[in-house]
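Participant: sequence unavailable; structure follows:
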């Protein structure tokens, strides 16, 4: 009886032995790769899959094409006024308020300053630079002064609105930003105007 128990013991031990370390190492743990970000998954889902090119020249051409397409999409988004596509100088609620305020106003001096410059250049060639240079210089200074006065008035109004609507936000650089946008024709402003002339801001 003791011999039968002794002979049966190894079979029980062999069946109850745990798996070896090599068997455990062969089993995969987890997914084996990092979880992709949601934005990356959405971008891959929108873009059609193209297999990688075989040679370096084709790969460089494909990379240039992708960058060109990305730049075109960003430019179109910037023309639509989407916040993510705007350059840093145009981002922020203060700059958006300044754009809407300027675009809603009919600027008598600043918007049409280029036409005045063309007229002065025409007069300079017709009347002669030597005899009328001082007159043209005074005219240029007068136009510049009117632009400064008009832009300063609009800057004060924008800063007042910004302090009411966005307390604590910095208004640094808004004066120069208003001057740059106001001296451009309405059709050439980027981002394009979102409001019409005369709209309440």
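Facilitator: Received it, and whenever you're ready, just let me know what you need. Only a predicted model underlies this, so the values are computations on that prediction, with no experimental measurement involved.
Participant: what is the rounded mean pLDDT of the lengthiest helix in the chain?
Facilitator: Using DSSP state H, we find that the single longest helix of the chain is helix 129-165. For helix 129-165, mean pLDDT rounds to 82.
Participant: so what are the structural domains in this structure, by residue number?
Facilitator: Following automatic domain parsing, one finds the domains of the chain at 61-85, 92-188.
Participant: so what's the residue count around residue 182?
Facilitator: Neighbours of residue 182 under the rule other C-beta atoms under 10 Å: 22. Every C-beta, even on glycine, is put in place using the N, C-alpha and C of the backbone.
Participant: quick one, what contacts it?
Facilitator: 102, 107, 110-111, 147, 150-151, 154 (C-beta atoms under 8 Å, 6 or more residues apart in numbering).
Participant: which pair in the residues you listed spans the largest distance?
Facilitator: Spanning the widest gap among the contacts of residue 182 are 102 and 147, at 12.8 Å by C-beta to C-beta.
Participant: more crowded one of these two?
Facilitator: Taking neighbours as other C-beta under 10 Å, residue 102 and residue 147 compare with residue 102 leading, 26 against 19.
Participant: the more buried one and residue 123: what is the separation?
Facilitator: To residue 123, residue 102 is 29 Å away according to C-beta to C-beta, to the nearest Å.
Participant: tell me the one of the contacts of residue 182 nearest residue 57?
Facilitator: Of all the contacts of residue 182, residue 57 sits closest to residue 102, with 48.1 Å by C-beta to C-beta.
Participant: hmm, back to that, if you compare the domains of the chain, which one is most tucked away?
Facilitator: Most buried of those, by mean neighbour count (mean count of other C-beta atoms under 10 Å): domain 92-188, with a mean of 15.
Participant: relative to residue 161, how far out is residue 152?
Facilitator: From residue 152 to residue 161 the distance is 15 Å (C-beta to C-beta).
Participant: meant to ask about residue 56
Facilitator: For residue 56, the distance to residue 161 (C-beta to C-beta) stands at 55 Å.
Participant: all helices of this structure, in order?
Facilitator: Along the chain, counting by DSSP H, helices occupy 2-16, 21-26, 38-46, 56-80, 93-103, 113-127, 129-165, 174-182.
Participant: residues touching residue 95, list them.
Facilitator: 89, 174, 177.
Participant: how about a cut-off of 7 Å?
Facilitator: By C-beta atoms under 7 Å, 6 or more residues apart in numbering, the contact set of residue 95 is residue 177.
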